[in-house]
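In: this one's structure only:
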Ligand SMILES: Nc1ncnc2c1ncn2[C@@H]1O[C@H](COP(=O)(O)OP(=O)(O)OP(=O)(O)O)[C@@H](O)[C@H]1O
């Protein structure tokens, strides 16, 4: 099992009507690595993560995460954590209640979980607000709570969509450190963000998605070298060169998967129970 990639995709494709959100995506991401997933707005990053986390079915192609097929939602549950872009949290609950509830859904042992929740709250400087209702939280406080929820059960693979969104510089730095620590203990991190310095700092490999296709993959340094901007090559230069946007629109279409938005996975489950 250790030889197989933690995240594998073979020809993953997702179409919504006439829109091809993701096209023939191949991935092979080793365990314990941090994969930075970049791409302009509408490139297909969220769609990719939703396929890899079992939230939406590919139109074509196959994939597995932690050795479990991405069509096996239930099988994936214990192995993955997902921090989506807009984490659904119970406004009426306190962070502590929310996290205990999430742990309960996963049958985590009560006492060890309490210690783990406390340690994570402490690390993210949320202890003093742990008994405040989430309705009264700032965006950053919500984000911290959702992050803890995504990693609480120590999943093999964590999918993070803009994890530092809303965090102040200190909290963002703490979180970057936590991502690196996750990888150090063998967790695989799939990190989608527009904040290139975050990727430069924590990612082992970067994949750049453009118009649904993977147009480049390599270490941050590899990609920087590929930039043709002369002396001051940066990941940003590489990104801009590889994703020159000539498209006019990325129009809104039907929302065939909206029901699936509130299924499975840590941060999402709570909504389904009402
Ligand atoms: N449920 C849906 N129904 C129809 N089209 C969709 C749906 N979800 C995504 N799309 C389309 O698929 C394409 C990729 O969208 P996606 O949200 O995956 O991009 P993204 O890279 O995550 O963008 P951003 O960086 O802006 O979050 C877009 O053209 C989008 O309009």
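Out: Happy to help now that I have it. Please read these numbers as outputs of a predicted model, since none were measured by experiment. Numbers count the residues shown, from 1 in each chain.
In: May I ask you to confirm that residue 107 belongs to a strand?
Out: No. Counting by DSSP: H, G, I helix; E, B strand; the rest coil, residue 107 is not part of a strand but coil.
In: Let me see the contact set for it.
Out: When contacts are counted by C-beta atoms under 8 Å, 6 or more residues apart in numbering, residue 107 touches no other residue. From N, CA and C alone the C-beta is placed, and that goes for glycine too.
In: On the pLDDT front, check it for me.
Out: Predicted confidence (pLDDT) for residue 107: 84.
In: looking at this, residue 13 is in a strand?
Out: Yes. Inclusion of residue 13 in a strand is indicated when three-state DSSP is applied.
In: i'd like the first residue to be 2 from this point on
Out: Let's use 2 as the start, then, which means that last one is residue 14.
In: Give me the phi and psi for the nearest residue to it once chain neighbours are set aside.
Out: Once flanking residues are discounted, residue 14 sits nearest to residue 61: 4.0 Å by C-beta to C-beta, 6 or more residues apart in numbering. Note on residue 61: backbone dihedrals following degrees, to the nearest 10 are phi -150, psi 160.
In: got a list of what residue 61 touches?
Out: Shown in contact with residue 61 (C-beta under 8 Å, 6+ apart): 12-14.
In: From the residues you listed, list just the buried residues.
Out: The neighbour-count test (16 or more other C-beta atoms under 10 Å) marks 13-14 as buried among those.
In: Relative to the ligand, how far out is residue 24?
Out: For residue 24, the distance to the ligand equals 11 Å [C-beta to the nearest ligand atom, to the nearest Å].
In: should've said residue 158
Out: 18 Å.
In: Then residue 84?
Out: 14 Å.
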